[in-house]
Structures are given as C-alpha cells and as structure tokens.
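Colleague: Requesting a structural model of the entry that follows:
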Amino acid sequence: MIETLRERMDALDRRLLALVNGRAALACRIAEEKRARGMPLHAPGREAAILRRVRSRNRGPLGKAAVERIFRCILVESRALAAKKSIT
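Modeller: Numbering: from 1, shown residues only. Modelled structure (predicted):
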C-alpha cells in the first residue's frame, strides 16, 4: 500500500516538475516579448492577481497561506530566470 502511494507521489512529482519548468519557460518567452516592446519585465499587479486566484481556488488540504508561499516562490524564481536570460 505505501509503495503504491509512493509511486503515485513520484509520478505527481514528475508532473509538477514538468509543469513548473513549462511555466518558467513561458515566463521567459513573455519576458522576451516584453523586452521587444520596451515593457517592464516585472508586473506586480499581474502577480498579485495570480496569488489572489490561487488562494481563492485552493480547496486543500494545503492552507491558503501555504499555497500562496509556494506560488510566490514560483513567481520569484520565474522572474529571476527571465531577468537573467535578458542579460545574456
């Protein structure tokens, strides 16, 4: 039973990793488009809206604060990656 649950968890981890990296890749593409248009890379209003949306859609078992912390990390790391790619 535990082994089966762990296998399912490992599969979810693989999917999460693919999704997070896919999101980061899109953030880089958006940053490229913003640079081409002379737009600022950071969009605090957009990030705030994302955090509000995930908090409101969360049904647990993680609490809203935990989900927000996770997504805030994803946003920060995606922004850092996009900014780094703009230098090179």
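
Colleague: any idea which residue sits dead centre in the chain?
Modeller: Nearest residue to the geometric centre of the chain (C-alpha atoms, centre = their mean): residue 74, 3.7 Å.

Colleague: element containing that residue, please.
Modeller: Assigned by DSSP states H and E, residue 74 falls within helix 64-87.

Colleague: Pull out the buried residues from that helix.
Modeller: Residues of helix 64-87 classed as buried by neighbour count (16 or more other C-beta atoms under 10 Å): 67-68, 71, 74-75, 78-79, 81-82. (Glycine included, C-beta is placed from N, CA and C.)

Colleague: Apart from its chain neighbours, what residue comes closest to the residue nearest to the centre of the chain?
Modeller: Closest residue in space to residue 74, ignoring its immediate chain neighbours: residue 20 at 6.3 Å, by C-beta to C-beta, 6 or more residues apart in numbering.

Colleague: Run the chain-centre distance for the top helix by length along the chain.
Modeller: In the chain, with assignment by DSSP state H, the single longest helix is helix 2-37. Relative to the centre of its chain, helix 2-37 is centred 8 Å away, using C-alpha atoms, centre = their mean, to the nearest Å.

Colleague: now do stretch 49-65
Modeller: For stretch 49-65, the distance to the chain centre is 13 Å (C-alpha atoms, centre = their mean).

Colleague: and for that stretch, what are the contacting residues?
Modeller: Applying C-beta atoms under 8 Å, 6 or more residues apart in numbering, the contact partners of stretch 49-65 are 67-68, 70-72, 75.

Colleague: Of those, which is the nearest to residue 33?
Modeller: Nearest to residue 33, judged by C-beta to C-beta, of these is residue 75 at 17.7 Å.

Colleague: where in the chain is pLDDT low?
Modeller: 86-88 (pLDDT under 70).

Colleague: 90 instead?
Modeller: Flagging of the chain using pLDDT under 90 yields the residue ranges 83-88.

Colleague: Mind exporting the C-alpha coordinates of stretch 32-51 to PDB?
Modeller: Extracted in PDB, the C-alpha atoms of stretch 32-51 (Å, rounded to 0.1, in the frame of the first residue of the first chain):
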ATOM      1  CA  GLU A  32      11.400  38.300 -24.400                       C
ATOM      2  CA  GLU A  33       8.200  39.800 -25.800                       C
ATOM      3  CA  LYS A  34       8.100  42.500 -23.200                       C
ATOM      4  CA  ARG A  35      11.800  43.400 -23.900                       C
ATOM      5  CA  ALA A  36      11.000  43.600 -27.600                       C
ATOM      6  CA  ARG A  37       8.100  46.000 -26.900                       C
ATOM      7  CA  GLY A  38      10.000  48.000 -24.300                       C
ATOM      8  CA  MET A  39       7.800  47.000 -21.500                       C
ATOM      9  CA  PRO A  40       8.900  46.400 -17.900                       C
ATOM     10  CA  LEU A  41       9.600  42.800 -17.000                       C
ATOM     11  CA  HIS A  42       8.000  42.900 -13.600                       C
ATOM     12  CA  ALA A  43       4.200  43.100 -13.400                       C
ATOM     13  CA  PRO A  44       3.300  43.400  -9.700                       C
ATOM     14  CA  GLY A  45      -0.400  43.700 -10.400                       C
ATOM     15  CA  ARG A  46      -0.400  40.500 -12.500                       C
ATOM     16  CA  GLU A  47       1.500  38.600  -9.800                       C
ATOM     17  CA  ALA A  48      -1.000  39.900  -7.100                       C
ATOM     18  CA  ALA A  49      -3.900  38.700  -9.300                       C
ATOM     19  CA  ILE A  50      -2.300  35.200  -9.700                       C
ATOM     20  CA  LEU A  51      -1.900  34.900  -5.900                       C
END
